[in-house]
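K.L.:
kindly return the folded structure for what I paste below:
(one chain, ligands or ions: 1)
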Amino acid sequence: MNVLVKGAGVAGLSVAHELMSRGARVTVLDPQPASPAAASWFAGGMLAPYCERESAEQVVLELGLGAADWWEAALPGSVTCNGTLVLAPIRDVRELERFGSRTSGFEWADDDAITTLEPDLAGRFRKGLFFEGEAHLDPRRVLIRLAAKLAEAGVVFETDPVRTATAGFDWTVQCTGYSRDDQTIRGVRGEMLVLRTADISLSRPVRLVHPRFPIYVVPRADHTFMVGATMLESDSVGPITVRSMMELLNAAYSLHPAFGEAEIVETGVGIRPAYPDNLPRVVREGNTISINGLYRHGFLLAPAMAMLVADMVSNERRAH
Ligand SMILES: Cc1cc2nc3c(=O)[nH]c(=O)nc-3n(C[C@H](O)[C@H](O)[C@H](O)COP(=O)(O)OP(=O)(O)OC[C@H]3O[C@@H](n4cnc5c(N)ncnc54)[C@H](O)[C@@H]3O)c2cc1C
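P.N.:
Coordinates of the predicted model:
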């Protein structure tokens with residue numbers, strides 16, 4: 001079976017991996033694979049089904065529960081399973097209680113527990129929520145590694161649509177993310193920063209609950225930290241605004257003043273693809289299947305979406 005996957009963001013590469021693992025011949029078409037053209041490039045990489053439930057539907061939690069295992073099986077060593085810590089400044093502790101009331105899978109952490117989990121935050125927060133069953137990965141490393149693994153396994157990568165137009169595929173899987181040409185989907189702008197400092201280390205994503213903007217800091221290799229992210233109803237890819245930059249930096253600084261001396265090594269903007277209900281969709285029309293609307297959960301939901309599509313394709317093959 002010959003399958004064309006359009007789009008090499010997290011959705012496209014995940015579905016290519018799932019199809020390839022089940023014996024399909026796969027071609028991935030993307031004019032700009034593994035690049036800032038994809039929202040996936042800017043993601044935090046949090047695999048946080050319980051925390052996301054604070055603002056997402058139950059189905060997001062259910063679909064996301066197997067994500068960390070799927071990623072680790074696909075790319076051994078890519079997933080860090082240290083949980084998520086959610087904190088609030090003392091004046092916003094009620095926000096933490098509200099966050100807890102909308103989620104599950106956590107334990108309350110006091111000052112001592114926070115210190116045990118993140119020694120560099122000792123004495124800075126009195127209360128937090130610890131979601132032990134969550135994980136994170138580095139999205140860029142994962143995208144690059146996954147593309148390399150697929151290429152090694154024989155998946156063909158194409159950048160020119162002309163070369164795939166007449167190739168006669170049995171299936172096309174459309175994973176093209178946000179597009180202005182698609183009126184059913186909207187773009188949700190997410191601005192992020194990458195900071196570098198050797199003066200603080202964290203072992204897990206730390207979310208800072210705040211009445212206006214929930215912000216998180218995700219540790220990465222080489223003393224870098226991804227700080228994200230805004231959620232703006234806009235598909236503008238223009239540079240980060242002063243307000244957003246100030247809010248993200250303020251949050252990092254309030255997490256730990258050592259971030260005040262950090263270098264800003266990158267600012268970035270990604271456009272999350274979202275349907276009006278913010279839920280993902282797999283839609284089939286004939287032999288074309290589309291996966292879209294992964295919104296703020298692409299790395300969390302792509303494995304489940306990929307398995308769904310691979311099941312659709314395999315079941316059809318068995319039926320014939
Ligand atoms: C700042 C930020 C932080 C985020 N943090 C997280 C997080 O911590 N955890 C999480 O799970 N999710 C997170 N997300 C969400 C996640 O990044 C998205 O849900 C995900 O990237 C969507 O993936 P996608 O593959 O559908 O689209 P994209 O990543 O946008 O990929 C689409 C690809 O399709 C290609 N393409 C477009 N048109 C065509 C065409 N006609 N033919 C072929 N190829 C085409 C593009 O070049 C692109 O490579 C975050 C997003 C942002 C912006």
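K.L.:
got phi/psi on A274?
P.N.:
Backbone torsions of A274, given as degrees, to the nearest 10, read phi -140, psi 140.
K.L.:
who's in contact with it?
P.N.:
178, 185-188, 293, 295 (C-beta atoms under 8 Å, 6 or more residues apart in numbering). C-beta here means a position set from N, CA and C on the backbone, and glycine is covered the same way.
K.L.:
ranking by neighbours, what's the top pick from those?
P.N.:
Neighbour counts for these (other C-beta atoms under 10 Å) peak at G293, which has 27 neighbours.
K.L.:
what parts of the chain come near the ligand?
P.N.:
With C-beta under 6 Å from any ligand atom as the criterion, the chain meets the ligand at residues 6-12, 29-32, 37-40, 42-46, 175-177, 190, 192, 228-229, 270, 272-273, 292, 294-300.
K.L.:
so which of those are in helices?
P.N.:
Per DSSP state H, helices hold the following members of the residues of the chain next to the ligand: 10-12, 298-300.
K.L.:
now pLDDT too, for those residues, in CSV please.
P.N.:
Shown next, in CSV, are those (pLDDT from 0 to 100):
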residue, pLDDT
V10, 98
A11, 98
G12, 98
G298, 98
F299, 98
L300, 98
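K.L.:
tally of neighbours for P31?
P.N.:
P31 has 12 nearby residues by other C-beta under 10 Å.
K.L.:
could you do M246 as well?
P.N.:
For M246, the neighbour count with other C-beta under 10 Å is 10.
K.L.:
how much space between it and R91?
P.N.:
19 Å (C-beta to C-beta, to the nearest Å).
K.L.:
can you show me the helices along this protein?
P.N.:
Under DSSP H, the chain gives helices at 10-21, 49-52, 58-64, 67-74, 93-101, 111-117, 139-152, 161-165, 242-255, 298-319.
K.L.:
list the buried ones in the longest one?
P.N.:
Applying a neighbour-count criterion of 16 or more other C-beta atoms under 10 Å, one finds 298-310, 313-314 buried in helix 298-319.
K.L.:
between these, which is closest to S21?
P.N.:
A310 (7.9 Å; C-beta to C-beta).
K.L.:
pLDDT score for the closest one?
P.N.:
Reading off the confidence values, A310 has pLDDT 96.
K.L.:
that one is in contact with V26, isn't it?
P.N.:
No. With contact defined as C-beta atoms under 8 Å, A310 does not count as touching V26 (10.6 Å).
K.L.:
shared neighbours of those two, which are they?
P.N.:
L19.
K.L.:
sorry, back to before: looking at the helices of the chain, which is closest to W171?
P.N.:
helix 298-319 (5.7 Å).
K.L.:
what's the most distant pair in the ones in helices among the residues of the chain next to the ligand?
P.N.:
Greatest spatial distance among these (C-beta to C-beta): G12 and L300, at 16.1 Å.
K.L.:
low pLDDT regions in this structure?
P.N.:
Applying pLDDT under 70 to the chain flags the ranges 166, 211-213, 317-320.
K.L.:
to N82, which of the helices of the chain lies closest?
P.N.:
The closest of the helices of the chain to N82 is helix 111-117. By C-beta to C-beta, the value is 8.3 Å.
K.L.:
can you list the residues that contact that closest one?
P.N.:
83, 85, 87, 107, 109, 121-128, 130, 203-204.
K.L.:
can you do 6 Å?
P.N.:
Contact partners of helix 111-117, identified using C-beta atoms under 6 Å, 6 or more residues apart in numbering, comprise 85, 121-122, 125-126, 128.
K.L.:
what about that helix, distance to the chain center?
P.N.:
Relative to its chain's centre, helix 111-117 lies at 27 Å (C-alpha atoms, centre = their mean, to the nearest Å).
K.L.:
CA atoms of it as CSV?
P.N.:
Output of helix 111-117 as CSV, limited to C-alpha atoms (Å, rounded to 0.1, in the frame of the first residue of the first chain):
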residue,chain,number,x,y,z
ASP,A,111,7.5,24.0,50.5
ASP,A,112,9.6,20.9,51.4
ALA,A,113,8.2,18.8,48.6
ILE,A,114,8.8,21.6,46.1
THR,A,115,12.4,21.8,47.4
THR,A,116,12.9,18.1,47.0
LEU,A,117,11.6,18.2,43.4
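K.L.:
same question for it: list its buried residues.
P.N.:
114-115, 117.
K.L.:
disregarding flanking residues, what is the spatial nearest neighbour of L4?
P.N.:
Using C-beta to C-beta, 6 or more residues apart in numbering and skipping the chain neighbours, the partner closest in space to L4 is F169 (4.2 Å).
K.L.:
tell me the spacing between that neighbour and the ligand.
P.N.:
For F169, the distance to the ligand (C-beta to the nearest ligand atom, to the nearest Å) stands at 13 Å.
K.L.:
okay, now that residue: neighbour count?
P.N.:
17.
K.L.:
that one and K6 touch, don't they?
P.N.:
No. Under the criterion of C-beta atoms under 6 Å, F169 makes no contact with K6, lying 10.3 Å away.
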